[in-house]
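**Student:** the sequence and its predicted three-dimensional model are supplied below.
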Amino acid sequence: MNTAVTKSCPTLTRPKGAPVYLDYQATTPCDPRVVEVMLPWFTEKFGNPHSRNHLYGWEAEEAVEKAREQVAAIIGADSKEIIFTSGATESNNLAIKGVAHFYKDKRNHIVTVVTEHKCVLDTCRHLEQEGFSVTYLPVKTDGLVDMAELEAAITDKTVIVSVMGVNNEIGVVQPLAEIGALCRAKGAFFHTDCAQAVGKIPLDVNAMNIDLMSISGHKIYGPKGIGALYVRRRPRIRLVPLINGGGQERGMRSGTLATPLCVGFGEACAIAQAEMGTEAERLRRLRDRLLGGLKQRLAEIYVNGDLDHRVPGNLNISFAFVEGEGLMMGVKQLAVSSGSACTSASLEPSYVLRALGLDAEMAHTSLRFGMGRFTTDEDIDFAIDHIVEAVEHLRSMSPLWDMHLEGVDIKSIEWAEH
Amino acid sequence: MAYSEKVIDHYENPRNVGALDKDDGAVGTGLVGAPACGDVMKLQIKVSAEGIIEDAKFKTFGCGSAIASSSLVTEWVKGKTLDEAAAIKNTDIAHELALPPVKIHCSVLAEDAIKAAIADYKKKSG
């Protein structure tokens, strides 16, 4: 079931002086249409959806079940297969740990990919410490999984294969249907982290043979603090829960459901499903406008990750000879993120970009641009001018840019790595 | 991460960006860091016949703190003798710019750049 989205997409006004938001892979604002349907569930309709004895509980339960159907609809699932969680991190933990623990006596091997989100990789590391064996597959230079390598990695001991739908840094779309068919043929469960994929590309759990799928609310203009795990019922997938208690969510995730968050998440799914086609087209146009504008005015810029197998709202670009964090400081009127993880406590460049075979020096020069529902042509034009200005300024004071102009290959120099 | 006002000032208005003629006998050039680590600093000094640093220029590939550290040291070394310039400590740079712990390496690199430029000058002038 899907509610008709009758209201057209609103605009969001940016507070005066606030930077242009181009970080939609980090999070998205709540769509005002989503907030509107959530509000009554905070105040007058505050019931516990698990209360069976009065109207307050019944109406909350009805709202939660409608939301469950909206979430199921966007991935072609049955609503009974949707478990609400606190977000995609919890969903990934529940899927991988839950399956691994339930089937551990029969199978003890997990296959995943080096470019997965940290919450998948860290979960797998944790399971390794418990004695499971994990294969971390490399990716090709375009960021995609090599199907022959995946096939070779799956053994009769493999319990679960976890491959993300869309990468959060470079936006590349993995061949989910092919992976699903392979896993089904080999008898391993297929889990996919689709936090960045839902609402952006068409997904069908049955056509793609997906057994478990993680979904996030706040990546699709829904509220933060809620997500879902799709768990296939036919054939039935069993899980050991992470959270024990009153047995809500078919025993897989105890705890009182947050009715307003469920309602908002469901509405966000319904809107995304209704508008996906036109939205994808619009974002592709904005993406091409940004890339075209930058390429026209700047030399030596490179797109990281395959451009064709990619969600339309993502660009990840290396600006050679300009360090990413320095560049972010230069584009302070834009909210973007840097693949150069100098921004975090570690000084290592992005492990995702390194996995593509990118040299550390190129990984240090990258920025991620995420466009979304409220990004306008004006935002993109402003971004182009701002980026070009900052890159030119920083190149004018980059010793590496000088060397490049003089024809010196910076790889030929013996650098003292520190 | 929030930057200190001094880092932002040096980043936005870098002092002494540019290059001196590296083949000039009075010029010492220091090139330190590595692209793979995300920081490269080139610091050049021009030394007078009296042994005083009369000019300094830099170019830096790096984060805002790296740019600010190199910009700051070009200001500091000007007018100093080689021995005085060699005595500049990374802790002084880090303190002046209020660098957070994760950025201390930028000040270390700037100190290394001064020492490398002085060593290059001394090598050339024999």
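**Tutor:** Yep, that arrived.
**Student:** can you report how many residues neighbour the closest residue to chain B within the stretch 101-250 of chain A?
**Tutor:** Across the stretch 101-250 of chain A, the shortest distance to chain B (C-beta to the nearest C-beta) belongs to A:Glu169, at 17.0 Å. Every C-beta, even on glycine, is put in place using the N, C-alpha and C of the backbone. Neighbour count for A:Glu169, taken as other C-beta atoms under 10 Å in any protein chain shown: 25.
**Student:** identify each buried residue in whichever strand or helix holds A:Arg287, please.
**Tutor:** Assigned by DSSP states H and E, A:Arg287 belongs to helix A:259-297. Residues of helix A:259-297 classed as buried under the neighbour-count rule (16 or more other C-beta atoms under 10 Å in any protein chain shown) are A:259-276, A:279-280, A:282-283, A:286-287, A:289-291, A:293-294.
**Student:** show me the shaky parts of chain A.
**Tutor:** Where chain A drops to pLDDT under 70, the residues are A:1-6, A:339-347, A:417-418.
**Student:** ok, which residues in chain B are in contact with chain A?
**Tutor:** Within chain B, the positions near chain A by C-beta under 8 Å from any C-beta of the partner chain are B:1, B:3, B:8, B:11, B:14, B:17, B:19, B:31-42, B:58-64, B:66-67, B:102, B:105, B:108-109.
**Student:** circling back to that earlier point, from the contact counts, what lies against the helix holding A:Arg287?
**Tutor:** helix A:32-38, helix A:55-74, strand A:301-303, strand A:314-319, helix A:377-396 (3 or more C-beta pairs under 8 Å, 6 or more residues apart in numbering or on different chains; DSSP states H and E).
**Student:** show me what counts as buried in the first one.
**Tutor:** It refers to helix A:32-38. Of the residues in helix A:32-38, A:33-35, A:37-38 count as buried by neighbour count, 16+ other C-beta under 10 Å.
**Student:** ok, so of the residues you listed, who is nearest A:Trp401?
**Tutor:** A:Val34 (45.2 Å; C-beta to C-beta).
**Student:** which residues of the chain fall in strands?
**Tutor:** Going with chain A. Using DSSP state E, the strands of chain A run over residues A:20-21, A:82-85, A:109-113, A:133-137, A:158-162, A:189-193, A:212-216, A:227-231, A:301-303, A:314-319, A:334-335, A:337-338, A:366-370.
**Student:** chain B was what I was after
**Tutor:** Counting by DSSP E, chain B has strands at residues B:27-34, B:39-47, B:53-61.
**Student:** just put the helices and strands packed on helix A:259-297 in JSON lines and tack on distance to chain B.
**Tutor:** Output for these, formatted as JSON lines (distance: least, C-beta to the nearest C-beta, whole Å):
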{"stretch": "helix A:32-38", "distance to chain B": "30"}
{"stretch": "helix A:55-74", "distance to chain B": "36"}
{"stretch": "strand A:301-303", "distance to chain B": "15"}
{"stretch": "strand A:314-319", "distance to chain B": "11"}
{"stretch": "helix A:377-396", "distance to chain B": "7"}
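**Student:** what sits against the residue nearest to the spatial centre of chain B?
**Tutor:** Centroid check for chain B by C-alpha atoms, centre = their mean gives B:Ser70 as the closest residue, at 3.9 Å. Taking C-beta atoms under 8 Å, 6 or more residues apart in numbering or on different chains as the criterion, B:Ser70 is in contact with B:41, B:43, B:58, B:60, B:109-110, B:113.
**Student:** format the strands of chain B as CSV; extra columns: mean neighbour count and mean pLDDT.
**Tutor:** As requested, these are exported to CSV (neighbours: other C-beta atoms under 10 Å in any protein chain shown; pLDDT from 0 to 100):
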stretch, mean neighbour count, mean pLDDT
strand B:27-34, 22, 95
strand B:39-47, 26, 96
strand B:53-61, 24, 97
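**Student:** got these as a markdown table, with distance to A:Lys157 columns?
**Tutor:** A markdown table is the format used below for these (distance: least, C-beta to C-beta, whole Å):
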| stretch | distance to A:Lys157 |
| --- | --- |
| strand B:27-34 | 43 |
| strand B:39-47 | 45 |
| strand B:53-61 | 48 |
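**Student:** one step back: ok, which pair from the contacts of B:Ser70 is furthest apart?
**Tutor:** Farthest-apart pair in the contacts of B:Ser70 is B:Phe58 and B:Leu109; separation 11.4 Å (C-beta to C-beta).
**Student:** what do the two both touch?
**Tutor:** B:41, B:70.
**Student:** ok so, going back, quick one, the helix holding A:Arg287 and strand A:366-370 angle?
**Tutor:** Helix A:259-297 and strand A:366-370 are oriented at 130 degrees to each other (axes from the mean of the first three to the mean of the last three C-alpha atoms, to 10 degrees).
**Student:** need the contact partners of stretch A:155-163.
**Tutor:** A:92, A:95-96, A:99-100, A:103-104, A:106-113, A:116, A:120, A:124, A:133, A:145, A:150, A:154, A:174, A:176, A:179, A:183, A:186-193, A:212.
**Student:** export only the CA atoms of that stretch, formatted as PDB.
**Tutor:** Extracted C-alpha coordinates of stretch A:155-163, given in PDB (Å, rounded to 0.1, in the frame of the first residue of the first chain):
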ATOM      1  CA  THR A 155      32.100 -21.600   0.000                       C
ATOM      2  CA  ASP A 156      29.700 -24.200   1.500                       C
ATOM      3  CA  LYS A 157      30.600 -22.700   4.900                       C
ATOM      4  CA  THR A 158      29.500 -19.200   3.900                       C
ATOM      5  CA  VAL A 159      26.400 -18.200   5.900                       C
ATOM      6  CA  ILE A 160      26.000 -14.600   4.700                       C
ATOM      7  CA  VAL A 161      27.200 -12.300   2.000                       C
ATOM      8  CA  SER A 162      27.000  -8.600   2.800                       C
ATOM      9  CA  VAL A 163      27.400  -6.100  -0.100                       C
END
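**Student:** what about that stretch, distance to the chain center?
**Tutor:** Put simply, stretch A:155-163 sits 22 Å off its chain's centre (C-alpha atoms, centre = their mean, to the nearest Å).
**Student:** got it, and stretch A:372-391?
**Tutor:** How far stretch A:372-391 lies from its chain's middle: 22 Å, per C-alpha atoms, centre = their mean.
**Student:** that stretch: which residues count as buried?
**Tutor:** Those would be A:372-375, A:379-380, A:383-384, A:386-387, A:390-391, for stretch A:372-391 by 16+ other C-beta under 10 Å.
**Student:** which stretches in chain B count as helices?
**Tutor:** B:5-12, B:64-77, B:82-86, B:90-97, B:104-125 (DSSP state H).
**Student:** A:Ala77: which of those is closest?
**Tutor:** That would be helix B:64-77 among the helices of chain B, by C-beta to C-beta, at 46.9 Å.
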